[in-house]
Structure formats: structure tokens, C-alpha cells
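1. here is my input, please return the structure:
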Amino acid sequence: MTAKNRICLWFNGDAEDAANFYAATFPDTEVTAVHRAPSDNPSTDAGAVLVVDFTVLGLPCMGLNGGPAFKHSEAFSFQVATDDQAETDRYWDAIVGNGGQVSDCGWCKDKWGLSWQITPRVLTEAMAAGGNKAKRAFEAMMTMQKIDVAAIEAAVAGA
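-> Reported below is the predicted structural model:
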């Protein structure tokens, strides 16, 4: 069944490369279709990849090779919940190690400019708990780039 709603991500000719990278990096992620331009248009030549249908962690997406007019920004990000430091490291390192950029508080950008939040569940659980646990977890997070699970756990415990 085709989803009624999906995220459309604008790329400058490299939607298929991005989708293939996501499929190789994240579980429950796959490229489901590649559609080629039927004729020349302002952004592509006839036969060039125009649209790529894919999923990211089960979320339906469409990559549109729309050209250089629009850039990604932090106003949109994928937030990936991780279960432990190894999973956090694996996703962070894959994104950053493939030409991405490091940012603060668990955020990074892939080489196509899309923002990712690689967020251990221990952090979101601490924030949901509220009170001093949330305050300590938040203060610890504000000093980090990639989230350090052990440091968040220590902050939550008041250590």
C-alpha cells in the first residue's frame, strides 16, 4: 500500500546517491523506485534521475532532483532514537564519516545538507521525566556534540 503522505526532500541531482546511502546505513530503509525524467526540463535532462522513492527507518520519502534553487536547513531534521552508545556511534559516525558535518547537542548534517538528530533514548526519557533529572540531562547535553550516553546517565543520577 502506498502511503498517503510522505516527506519530499529536494536534492541537486544526487537524490539516488543519498537514498542509497540511507539504505546502507539505517535498518528498515530501502530504495523502492527510481523515476527518470521523460523529457528535458529546467533541472534535468531526459533520462536523468528525477525522483527517487525510498524509506528512512520505515518513513516514506521522496527525493526530488529539483536543482540548486533550494537548500536543506536545520528547520527539517530526521530524529533517530538510539538504544545505546554503540548504535549512537554507528549512525553518527556513518553520517559524519561520509562527508557530513558535526554540530552540537546530538545534531549533525549529512553530505547532502540534511540535518540529523542522533538521540539516545536515555536522553529523551530524562527530558520526559522533568524536574532535576531533565535539568541535569539538558545541561550535560548542551556541552556535547555526539551524545555521550554514560555522561547523560551520570547526569540523570546526579553524579
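2. next up, the contacts around residue 113.
-> 71, 72, 73 (C-beta atoms under 8 Å, 6 or more residues apart in numbering). From N, CA and C alone the C-beta is placed, and that goes for glycine too.
3. residue 80 too?
-> With contacts defined as C-beta under 8 Å, 6+ apart, residue 80 is in contact with 26, 57, 91, 116, 117, 118, 119.
4. quick check: buried residues in the helix or strand hosting it?
-> If you go by DSSP states H and E, residue 80 is part of strand 77-82. Neighbour-count burial for strand 77-82 flags 77, 78, 80, 82 (criterion: 16 or more other C-beta atoms under 10 Å).
5. repeat that for stretch 99-118.
-> 100, 103, 106-118.
6. same check on stretch 76-96?
-> 77, 78, 80, 82, 85, 87, 88, 91, 92, 94, 95, 96.
7. nearest to residue 130, of those residues?
-> For the buried residues of stretch 76-96, the residue nearest residue 130 by C-beta to C-beta is residue 82; the value is 21.7 Å.
8. could you find the closest non-adjacent residue to the closest one?
-> Nearest residue to residue 82 in three dimensions, chain neighbours excluded: residue 88, at 4.4 Å (C-beta to C-beta, 6 or more residues apart in numbering).
9. wait, a strand at that neighbour?
-> No: using DSSP: H, G, I helix; E, B strand; the rest coil, the assignment for residue 88 is helix, not a strand.
10. re earlier: selecting buried members of the contacts of residue 113 in ChimeraX, what would you type?
-> Buried residues among these (16+ other C-beta under 10 Å), as a ChimeraX selection:
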select :72
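11. ranges for the strands of the protein?
-> Counting by DSSP state E, the chain has strands at residues 7-11, 30-36, 49-56, 59-65, 77-82, 101-102, 107-109, 115-120.
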